[in-house]
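>>> compute the structure for the input listed below.
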Amino acid sequence: MNQDFMAALEAIEAEKGIKKETLFEAIEAALISAYKRNFDSAHNVKVNINRETGDIKVHSCLEIVEDVTNAQQEISLDEAKNLDPQYALGDVLEREVTPKNFGRIAAQTAKQVVIQRIREAERELIFEEYIDREEDIVTGLVQRFEQRNAIINLGKAEAILPPSEQIPGEMNRQGDRIKAFILEVKKTTKGPQIIVSRTHPGLLKRLFELEVPEIYNGTVAIKSVSREPGYRSKIAVFSRQSDVDPVGACVGPKGSRVQAIVSELKGEKIDIIEWSEDPEAFVASALSPAKVIKVEIHPEQKSAMVLVPDYQLSLAIGKEGQNARLAAKLTGWKIDILSESRYNEKLAEDVKPVILPGEDGDLFLPQEDEPLEEAPLQGDPKESEDTGVEVNGQEAEEQAAATREPEEEKP
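As a prediction, this is how the structure comes out:
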């Protein structure tokens, strides 16, 4: 080893981020293999590289025994004491066996081994770097396409963007710079495998953290996110300071902050909702941009009935139910939407008219929350033989007296 090689190791350490000591250990292991292969040696050897000069020394490790049975691995106690009187049985004696032409042979033989160890060290560093970045956002260049998978160049590593994690209708071209959400980092024999996504709701959350300083520093918190990639998303935000408007902070001056996110997501519409502890207010806001008249919460079923004007019904439901579906995901409540006219019809069906007894025969309709009451009757009810209509006892006596023949007067 010469000074040029030492300089090369220092360059690798600076460029690849691999410690020089790791490279020394890899080279020493490679040189042991090269020595055994080229010099037909089966005994234990040890290679030491001087960390300052790069000089290589090969030592044979011999165990000190009483009677030698294997000269390549053992040495007698008497012979060891001739070298150093302090040796005792069981000690290991290191004898230098460095060949004269070992440097050239070692360089040729150990080249691939050293390269492989360097690659393994690089892969381990990349894995350790990205395993801690799961559920984080990364920026990369679209490098190529393999079986519909987009390969994203992240600099030190490559990430895979599967078809299922690509935004529907998005056309990525080679060289495009995109942001993606790290789903998973796996260790494989070919190095770390990084799976990224453009459809995960976490991507929307991380984009807002990048664009909105109030979210990054914790003044504004993101409570929940619901998303249908490529079409529409809803995000509920909450301010920890009363003087900070969470929705305004996310929208930004003239909508600049939210427009930057919309551009990154290729035109995906984003509704920013203010989160509320009151379920009724939260559900009403989640159906934005539709206007809500009334919200009835049913905690037992975890459901909500929402009343909207007739002309707002289609807006509240959204195209193919998209707005209502996103609102349900955002709030965690099952949402039933009724128009105002349908609500009134349903209310009328539930309220039945009752005929009150009396001369005028007027109809009495109870109010919305008023229970139905039976009309009071006088006397014992009897049934008419002619009509079958129930009448009170007094009227029955009067009818009987009217039909009875007059009795003769007694003298």
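>>> only C-alpha atoms for contact and neighbour calcs from this point on.
OK.
>>> list the contacts of stretch 53-62.
Residues from elsewhere that reach stretch 53-62 (Cα atoms under 8 Å, 6 or more residues apart in numbering): 1-3, 5-6, 43-50, 72-75, 92-98, 103.
>>> what pairs with the lengthiest strand in the chain, and is each one parallel or antiparallel?
Determined from DSSP state E, the single longest strand within the chain is strand 177-188. Its sheet considered, strand 177-188 pairs with strand 137-146 (antiparallel), strand 191-197 (antiparallel) by DSSP bridges.
>>> what residues does it touch?
Contacts of strand 177-188 (Cα under 8 Å, 6+ apart): 127, 130-131, 133-142, 192-198, 200, 202-203, 264.
>>> what about 6 Å?
By Cα atoms under 6 Å, 6 or more residues apart in numbering, the residues outside strand 177-188 that reach it are 131, 134-141, 192-198, 203.
>>> got the buried residues for the helix or strand that contains residue 31?
Per DSSP states H and E, residue 31 falls inside helix 20-38. The neighbour-count check on helix 20-38 (16 or more other Cα atoms under 10 Å) flags 20, 23-35 as buried.
>>> okay, buried residues for stretch 267-279 please.
268, 269, 270, 271, 272, 273, 274, 275, 279.
>>> please disregard the earlier target; I meant stretch 161-176.
Neighbour-count burial for stretch 161-176 flags 161, 162, 165, 166, 167 (criterion: 16+ other Cα under 10 Å).
>>> which of those fall in strands?
Using DSSP E, these in strands are residue 161.
>>> what about residue 50, distance to residue 167?
55 Å (Cα to Cα, to the nearest Å).
>>> now name the helix or strand holding residue 95.
Judged by DSSP H and E, residue 95 forms part of strand 92-96.
>>> who touches that strand?
So strand 92-96 is contacted by 58, 59, 60, 61, 62, 63 (Cα under 6 Å, 6+ apart).
>>> make CSV out of those and add secondary structure.
Supplementary listing: the contacts of strand 92-96 in CSV, determined by DSSP: H, G, I helix; E, B strand; the rest coil:
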residue, secondary structure
58, strand
59, strand
60, strand
61, strand
62, strand
63, strand
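>>> adding pLDDT, write these out as a markdown table.
Formatted as a markdown table, the contacts of strand 92-96 follow (pLDDT from 0 to 100):
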| residue | pLDDT |
| --- | --- |
| 58 | 82 |
| 59 | 80 |
| 60 | 78 |
| 61 | 80 |
| 62 | 78 |
| 63 | 78 |
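>>> before we move on, back to that, hey, which of the strands paired with strand 177-188 is tucked in deepest?
strand 191-197 (a mean of 22; mean count of other Cα atoms under 10 Å).
>>> chain center to that strand, what's the gap?
15 Å (Cα atoms, centre = their mean, to the nearest Å).
>>> now stretch 317-333
20 Å.
>>> what comes up buried for that stretch?
In stretch 317-333, counting by 16+ other Cα under 10 Å, buried: 317-318, 322-331, 333.
>>> first-to-last residue distance for that stretch?
Termini of stretch 317-333 sit 15 Å apart (Cα to Cα).
>>> just the terminal-to-terminal distance for stretch 162-181.
So stretch 162-181: terminal residues 12 Å apart, Cα to Cα.
>>> wait, I meant stretch 228-243
First-to-last residue span, stretch 228-243, Cα to Cα: 32 Å.
>>> kindly report the same for stretch 279-293.
15 Å.
>>> now that stretch: average pLDDT?
Stretch 279-293 shows a mean pLDDT of 93.
>>> can you list contacts of it?
By Cα under 6 Å, 6+ apart, stretch 279-293 touches 276, 295, 307, 308, 315, 316, 327.
>>> still on that earlier bit, I'd like the next helix or strand past the strand holding residue 95.
Once the chain leaves strand 92-96, the next helix or strand it forms, by DSSP H and E, is helix 102-131.
>>> what are the buried residues along the helix or strand harbouring residue 347?
Taking DSSP H and E as the definition, one finds residue 347 inside helix 340-350. Within helix 340-350, the residues that qualify as buried are residue 340, counting by 16+ other Cα under 10 Å.
>>> which parts of this protein belong to which domain?
3-129, 133-197, 279-350, 354-399 (automatic domain parsing).
>>> any chance of those in TSV, with distance to residue 237 too?
Converted to TSV, the domains of the chain look like this (distance: least, Cα to Cα, whole Å):
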stretch	distance to residue 237
domain 3-129	31
domain 133-197	19
domain 279-350	11
domain 354-399	37
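>>> ranking these by mean pLDDT, which is last?
Looking at the domains of the chain, the weakest mean confidence is domain 354-399, a mean of 44.
>>> circling back to that earlier point, in a markdown table: the strands paired with strand 177-188, plus distance to residue 252.
Shown next, in a markdown table, are those (distance: least, Cα to Cα, whole Å):
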| stretch | distance to residue 252 |
| --- | --- |
| strand 137-146 | 21 |
| strand 191-197 | 26 |
